[in-house]
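Colleague: Structural data only, the sequence is not supplied:
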DNA sequence: TTTAGCACTCTCCATGTGAGAGTGCTAAAA
DNA sequence: TTTTAGCACTCTCACATGGAGAGTGCTAAA
């Protein structure tokens, strides 16, 4: 596969670079002049012709310049894009924002989505962290009004689930607290299966509560199941290749529609190496909604305790180097923040 | 203002009706044929001419049909649109969905956004309910991991705020429970001001906690401040008048950008009469982002306890009758659901 | 292997033309 | 006084035409 000459790599890189900026097909003569290349346009043309033959470039029409194919982007991301770190002052600014914000996971995730969207000028998504396998840690029941009770479930790893349940009849806060304290004791460190075993020795009220608890815990075992923070959706609409096309709408629907997003994440996220970044280009033949788009994904959090996913969705014509650096940086930053507050 | 003849009202209604369906300017002859009108196209033309003169219709070009102006839509919504209820079976289906869902305010709001978006084929928004003035009801502190503590604050009216705080040093769950129980007792029914008075007699840990509590409570006093559920954003992009235009992007940014949304809601929501529906057409000269859009808003909830806002954002060319009915119905349904679960 | 030169292709834009839709006006009819 | 038929007029839209320009592919020479 890596059968490109240095000159071909150079030209592919330059075409991609310029195309990302202009969204216009790039001509041979333009490249020579713009970069003062030490060769003639005819030579560039020959190389371009070869790259087209190999499937890395495409010609919209016989007499237009070249634009990258999906395969071209893939080669670029895999072999050519330099993994530059973000500039020091950008990193400092972002870090500062996080440390200035409220010390609260939810705020961090919101902020992460916002920063990702701003830095990449594309749509961003961040899923709330949750443990790979849910284990019970603490339960609290709080009467709110009437038969409505707030159930707060804390899992090992710090994941928090809350849900309002409506009881058959009003129960006093004292009773609720007693039930919660009892269950907290007997369920300590159990997973959903373990809790099912306890059901037998429970009264009606406890059974109701445990049903909800098990529901929450088993829901936690899947990917992308909790809250999802989105930002910058409108950034994508500003891209010229999406103006007035169906494609942008379909891509954004992917983010809006929970089931589509779950499908995407559950099928890709598990293959990401720790600390690594996954890049999907043009839907990879699987996701039709992403035909014109690319997605950059990473995991963050503390493996073994709680992890989440974050990423960016933008046009295929995106600045991969910068986006990948940003995603990796935010992912590491979130992981650091989480581990800091979790240190005993 | 109400100086239209019955025939002019009829023609204005028909033009709006047809324009909403076709997004194309409507001609006189078409109207006569389509609706078998008991007059000639020339008569219709004369009336259209008068309506144009009055500012209710517009001609894109000298020799095109007529389309409604913002003023025309306003007259229509204010005087002509019949306030039909939703069909019985639609109402039943929707109600059924709500009663089948988890008995949980959050689920209801999500579902409300989803139903609104589906019914109106436009973007929907639903803000979480919160009390008009925040009053303390219950506090719970739960150790999660390390110095991280989950603070759950329940307000009178059932509004729930949660936040994770990071303490200076680890504190045992027993201590936390004791603090929470003590504060729950002394803060009972106080507003943010009342709690400030307690600060003086508190130790360092309690001060930290109360700071957060007051922050949450004062944030609750504003409109639209809590969670916002959005759905159907991509519906708007499908409308022909938005294909490839800047306008859709700017309108959706209004929903995405919290500060813009807060501004919109805080300036309009307070004027809505109870049970009523507010319709903003074309930004009403104030919101430039909404130039091509209309917004239908209503309040829901239990006045005095907790209320929220819900609504629909779509193209100006929207089916007002149906949208208004839907918004009103969902608003009433949410209110009913809330009052049912809150009955002591 | 690279390059200069050149014919060729295709888009884009400006221009022009005819068909069609819809109007506004006028004068006759109700 | 109101309504209508008739008709000229206007404007858009779709389509065809014709350079200008950009960029290519090929060939033959360096």
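Modeller: Received, thanks. From a predicted model like this one, the values you see are computed outputs, not experimental measurements.
Colleague: residues in contact with the nearest residue to residue A:70 once chain neighbours are set aside?
Modeller: Using Cβ to Cβ, 6 or more residues apart in numbering or on different chains and skipping residues adjacent in sequence, the residue nearest residue A:70 is residue A:282, 4.0 Å away. For glycine as for every other residue, the C-beta is placed from the backbone atoms N, C-alpha and C. Each residue near residue A:282 by Cβ atoms under 8 Å, 6 or more residues apart in numbering or on different chains is listed here: A:70, A:73, A:290-294, A:316.
Colleague: 7 Å instead?
Modeller: A:70, A:290-291, A:294, A:316 (Cβ atoms under 7 Å, 6 or more residues apart in numbering or on different chains).
Colleague: Can you tell me how far it is from DNA strand C?
Modeller: Between residue A:282 and DNA strand C the computed distance is 22 Å (Cβ to the nearest atom of the strand, to the nearest Å).
Colleague: measure that residue to chain B for me?
Modeller: Applying Cβ to the nearest Cβ, to the nearest Å, the value for residue A:282 to chain B is 20 Å.
Colleague: give me phi/psi at that residue?
Modeller: Main-chain torsions, residue A:282, degrees, to the nearest 10: phi 60, psi 30.
Colleague: Look up how far residue A:73 lies from it.
Modeller: Distance, residue A:282 to residue A:73, by Cβ to Cβ, to the nearest Å: 7 Å.
Colleague: Spell out which residues are contacts of both of those two.
Modeller: Both residue A:282 and residue A:73 are contacted by residue A:316, under the criterion Cβ under 7 Å, 6+ apart.
Colleague: okay, now residue A:58: neighbour count?
Modeller: Here the number of neighbours of residue A:58 (other Cβ atoms under 10 Å in any protein chain shown) works out to 16.
Colleague: the helices in the stretch 1-150 of chain A, which residues?
Modeller: Ranges of helices in the stretch 1-150 of chain A, per DSSP state H, counting those that start in this stretch, are A:6-22, A:28-35, A:41-54, A:70-75, A:88-100, A:105-120.
Colleague: So which elements touch the last one?
Modeller: Packing contacts for helix A:105-120, counted by 3 or more Cβ pairs under 7 Å, 6 or more residues apart in numbering or on different chains; DSSP states H and E, involve helix A:88-100, strand A:123-127, strand A:228-231, strand A:306-315, helix A:320-342.
Colleague: Give the buried residues for stretch A:258-266.
Modeller: Within stretch A:258-266, the residues scored as buried using 16 or more other Cβ atoms under 10 Å in any protein chain shown are A:261-265.
Colleague: Repeat that for stretch A:182-196.
Modeller: A:183-184, A:187, A:190-192, A:194-195.
Colleague: now, among the residues you listed, which is nearest to residue A:4?
Modeller: Here the nearest of the buried residues of stretch A:182-196 to residue A:4, counting by Cβ to Cβ, is residue A:191; it sits at 50.8 Å.
Colleague: How about the contacts made by the residue nearest to the closest one when sequence neighbours are not counted?
Modeller: Leaving aside its sequence neighbours, residue A:191 sits nearest to residue A:135 (Cβ to Cβ, 6+ apart; 5.4 Å). By Cβ under 7 Å, 6+ apart, the contact list for residue A:135 reads A:155-156, A:189-191.
Colleague: if we go to 8 Å?
Modeller: A:155-157, A:189-191.
Colleague: Can you point out the buried residues in the helix or strand of chain A with the lowest mean pLDDT?
Modeller: Lowest mean confidence among the helices and strands of chain A (mean pLDDT, DSSP states H and E): strand A:160-166, at a mean of 82. Applying a neighbour-count criterion of 16+ other Cβ under 10 Å, one finds A:160-165 buried in strand A:160-166.
Colleague: Need those in TSV (columns: distance to chain B).
Modeller: Listed next are the buried residues of strand A:160-166 as TSV, based on distance: Cβ to the nearest Cβ, whole Å:
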residue	distance to chain B
A:160	6
A:161	11
A:162	6
A:163	6
A:164	5
A:165	6
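Colleague: Of the contacts of residue A:135, which belong to strands?
Modeller: Counting by DSSP state E, these place residue A:155 in strands.
Colleague: of the contacts of residue A:135, closest to DNA strand D?
Modeller: Nearest to DNA strand D among the contacts of residue A:135: residue A:157, at 55.0 Å, using Cβ to the nearest atom of the strand.
Colleague: Please list the residues of chain A that sit near DNA strand C.
Modeller: Counting by Cβ under 7 Å from any atom of the strand, chain A comes close to DNA strand C at A:7, A:38-40, A:42-43, A:46, A:60-64.
Colleague: picking up where we left off before, let me know the pLDDT of the residue nearest to residue A:70.
Modeller: For residue A:282, the pLDDT comes out at 91.
Colleague: repeat for residue A:307
Modeller: 84.
Colleague: Residue A:300 now?
Modeller: pLDDT at residue A:300 comes out at 92.
Colleague: still on that earlier bit, and the residue nearest to residue A:70, how close does it get to residue A:318?
Modeller: Distance of residue A:282 to residue A:318, given as Cβ to Cβ: 11 Å.
Colleague: shared neighbours of these two, which are they?
Modeller: Residues touching both residue A:282 and residue A:318 by Cβ under 8 Å, 6+ apart: residue A:294.
Colleague: Now the stretch 201-344 of chain A against DNA strand C: closest residue?
Modeller: Closest residue of the stretch 201-344 of chain A to DNA strand C, Cβ to the nearest atom of the strand: residue A:240 (12.4 Å).
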